[in-house]
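Engineer: okay, predicted coordinates and the sequence, questions at the end:
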Amino acid sequence: MTRWDVARLLRVDSKDLHYWCYRNGARYREFQLPKKSGGYRTISAPEGGIRLVQRKLCQILNAIYVPRHSVHGFVPIKGRGILTNAEPHVKQRWVLNVDLSDFFDSIHFGRVRGVFERFGAGPDAADLMARICCFRGRLPQGVPTSPVVTNLVCRSLDRALQAFAKTHRCAVTRYADDITLSTGRAGFDDAVVSVKHDEGRRVAEIGHGLRFLIESHNFSVNESKVRLSGTLDRQEVTGLIVNRKKNVPREYVRNVRAMIHAVERYGVGEAERVFHDRFSRSRRPDLPAADFLRALRGRLEFIRMVKGDHDATFVSLWNRAARFHQWLTPRIVDLSHVEQALWIVESEVATQGVSIRRHGTAFVLKDVGLVTAGHCVGERMRIWHPTRPAERFPARIRALCTASDLCVLEPPPRDRLPALDRGDAGTVAEGVEIGTAGFPDEPVKVAQLEGRVSMIRLRFGHRNLFPSFETRKGMSGAPLLDARLRVVGVVLYGPDRSPSGEEDRVPSSAVAIDLIDELPKFTGSSPALLT
């Protein structure tokens with residue numbers, strides 16, 4: 001209710017707080033950043049004690065603010081951001097982008113003070129907190145409290161927008177000053193947007209209903225940024241493309257590809273110099289140049305956030321950058337095209353006088369044959385490919401070592417069998433990214449697992465790799481792949497697997513593929529079974 005209450009809440013001496021906000025005023029450092037659309041954005045960065053007070057107040061305001069489901073910018077809910085803001089507008093027939101004009105400057109001191117009073121603060125306390133948040137009578141950009149204060153001011157606007165969207169059967173989201181509406185119908189209602197055609201060009205104007213709603217909450221529409229997009233246009237929401245899925249603009253990917261190409265061709269030093277001259281110093285000449293490799297990684301991380309870990313474009317760019325970027329390690333790409341080299345091994349095993357049928361995974365290794373785990377073989381073996389389940393071949397053992405649990409079978413009588421390349425297991429170290437693919441279920445469905453090498457140990461004299469993921473029954477014998485999709489091991493069950501095998505998920509291990517070279521000296525040149 002009083003200024004002293006605010007000082008106690010922020011754990012600041014009341015005299016210091018009064019001095020910062022009233023007598024000497026807040027100290028700010030101002031500079032300008034160029035906008036994409038042209039012009040400059042003024043940033044007011046607080047310095048000294050007022051910045052510490054603003055951070056404390058920001059934490060308190062974030063604790064009491066409960067955002068509506070349509071708000072995605074600067075909210076204290078983990079996971080909300082530009083991705084969730086774009087999600088409701090994916091695959092919609094029409095997308096309308098509306099920008100609020102002079103968003104921060106339109107929120108003056110009186111509006112901020114009124115927000116605190118509506119939350120129950122006394123006049124003196126509301127006045128002091130408003131002075132903490134405002135600079136020169138306005139809400140400045142660059143202050144820690146500004147984002148959450150704008151959301152508090154827009155609470156009534158958000159409620160009205162949601163009711164308006166429900167009435168006119170469309171989706172709505174707000175990210176700071178960007179309001180987006182979309183619909184899957186043939187068009188928006190006239191209250192939302194009206195469309196005119198000028199010399200064959202479509203011109204969109206905000207409908208009277210939407211305009212009245214925005215202006216009644218003391219905001220104005222930036223007419224130059226009103227954009228209506230159909231399915232044949234590029235539909236963009238907070239920098240993301242939403243026509244078919246959430247995606248990164250092509251220009252962004254091209255810029256990242258150009259940065260990588262510059263390093264590959266001219267080296268890091270020359271690429272960094274050009275980057276600083278064209279981008280870093282052109283935006284902020286008064287600040288030291290940004291680190292080129294950190295900027296590149298940030299752009300790659302943004303592509304991964306939007307497109308996903310398994311996207312081919314992201315993995316290709318990431319692996320190219322990993323060749324010269326000391327902080328990046330190669331990533332496993334999508335394993336779907338490896339499936340053609342995978343086969344299923346079926347056999348019968350007698351347990352306590354009862355014959356049990358079980359299956360495992362096998363793969364064709366170039367210049368070796370069909371490789372699988374030793375415990376997958378048994379009586380009446382058959383091998384078959386999931387694409388042709390009716391075509392099953394009898395399996396013949398070429399080499400088997402029970403100590404290493406590794407087996408090589410005669411490949412099926414087919415021409416041009418897709419095969420996997422062999423990698424160097426000796427170069428695999430702890431922390432390296434690996435993956436596998438196998439057939440754990442029936443009816444057959446490929447399972448893909450990815451992780452890292454968590455441990456490497458010698459077991460029974462053989463080098464075993466322990467991945468961070470867990471395999472499932474049926475994946476024994478699957479290939480363990482490195483980032484270049486080369487086979488570095490064969491997946492086995494873990495050493496603590498129960499003899500009954502009743503668990504569905506068990507810790508996994510893999511024997512290094514180098515052991516393949518030792519099998520002939522055990523079995524000789526002719527096919528044999530070593531028990």
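Structural biologist: Happy to help now that I have it.
Engineer: phi, psi of the residue positioned nearest the centre of the chain?
Structural biologist: In the chain, the centroid-proximal residue (Cα atoms, centre = their mean) is residue 305; its distance is 2.7 Å. The phi/psi pair for residue 305 (degrees, to the nearest 10) reads phi -60, psi -40.
Engineer: now for it: which residues touch it?
Structural biologist: residue 83 (Cβ atoms under 8 Å, 6 or more residues apart in numbering). For the C-beta atoms, the positions are set from N, CA and C on the backbone; glycine is no exception.
Engineer: which sections of this protein are below the confidence cut-off?
Structural biologist: 23-26, 37, 279-290, 331-337, 350-353, 415, 441-444, 460, 494-507, 520-531 (pLDDT under 70).
Engineer: going by neighbour count, which residues in stretch 12-31 are buried?
Structural biologist: Counting neighbours by 16 or more other Cβ atoms under 10 Å, one finds that the buried residues in stretch 12-31 are 12, 14, 17, 18, 20, 21, 26, 28.
Engineer: which pair in these spans the largest distance?
Structural biologist: By the measure Cβ to Cβ, 14 and 28 form the most distant pair in these, at 22.2 Å.
Engineer: mind putting the buried residues of stretch 12-31 into JSON lines with distance to residue 342 and secondary structure?
Structural biologist: Below are these laid out as JSON lines (distance: Cβ to Cβ, whole Å; DSSP: H, G, I helix; E, B strand; the rest coil):
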{"residue": "12", "distance to residue 342": "65", "secondary structure": "coil"}
{"residue": "14", "distance to residue 342": "72", "secondary structure": "helix"}
{"residue": "17", "distance to residue 342": "68", "secondary structure": "helix"}
{"residue": "18", "distance to residue 342": "73", "secondary structure": "helix"}
{"residue": "20", "distance to residue 342": "67", "secondary structure": "helix"}
{"residue": "21", "distance to residue 342": "68", "secondary structure": "helix"}
{"residue": "26", "distance to residue 342": "65", "secondary structure": "coil"}
{"residue": "28", "distance to residue 342": "63", "secondary structure": "strand"}
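Engineer: so which bits of the host helix or strand of residue 6 are buried?
Structural biologist: Under the criterion of DSSP states H and E, residue 6 resides in helix 3-10. Across helix 3-10, burial judged by 16+ other Cβ under 10 Å covers 3, 6, 7, 10.
Engineer: would JSON lines of those with distance to residue 179 be doable?
Structural biologist: Shown next, in JSON lines, are the buried residues of helix 3-10 (distance: Cβ to Cβ, whole Å):
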{"residue": "3", "distance to residue 179": "37"}
{"residue": "6", "distance to residue 179": "33"}
{"residue": "7", "distance to residue 179": "38"}
{"residue": "10", "distance to residue 179": "33"}
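Engineer: list just the nearest of these to residue 138.
Structural biologist: Each of the buried residues of helix 3-10 was checked against residue 138 using Cβ to Cβ; the closest is residue 6, at 20.8 Å.
Engineer: quick one: end-to-end length of stretch 417-434, please.
Structural biologist: End-to-end span of stretch 417-434 (Cα to Cα, to the nearest Å): 24 Å.
Engineer: oh, I was asking about stretch 362-376
Structural biologist: OK, stretch 362-376 end separation, Cα to Cα: 9 Å.
Engineer: in it, which residues are buried?
Structural biologist: 362-365, 368-376.
Engineer: please report the distance of residue 456 from residue 510.
Structural biologist: Residue 456 is 10 Å from residue 510, where distance means Cβ to Cβ, to the nearest Å.
Engineer: any residues in contact with both of these two?
Structural biologist: Joint contacts of residue 456 and residue 510 (Cβ under 8 Å, 6+ apart) are 464, 465, 466.
Engineer: quick check: longest strand of this protein.
Structural biologist: Assignment by DSSP state E gives strand 445-459 as the longest strand of the chain.
Engineer: buried sites along that one?
Structural biologist: Residues of strand 445-459 classed as buried: 446, 447, 448, 449, 450, 453 (neighbour count, 16+ other Cβ under 10 Å).
Engineer: what are the bridge partners for the third one, then?
Structural biologist: Translated: residue 448. According to DSSP bridges, the residues that bridge with residue 448 are residue 437.
Engineer: was I right to think it contacts residue 434?
Structural biologist: No. Between residue 448 and residue 434 no contact is recorded; they are 11.9 Å apart, counting by Cβ atoms under 8 Å.
Engineer: re earlier: which among the shared contacts of residue 456 and residue 510 gets closest to residue 117?
Structural biologist: Among the shared contacts of residue 456 and residue 510, and counting by Cβ to Cβ, the member closest to residue 117 is residue 466, at 61.0 Å.
Engineer: thank you kindly, that will do.
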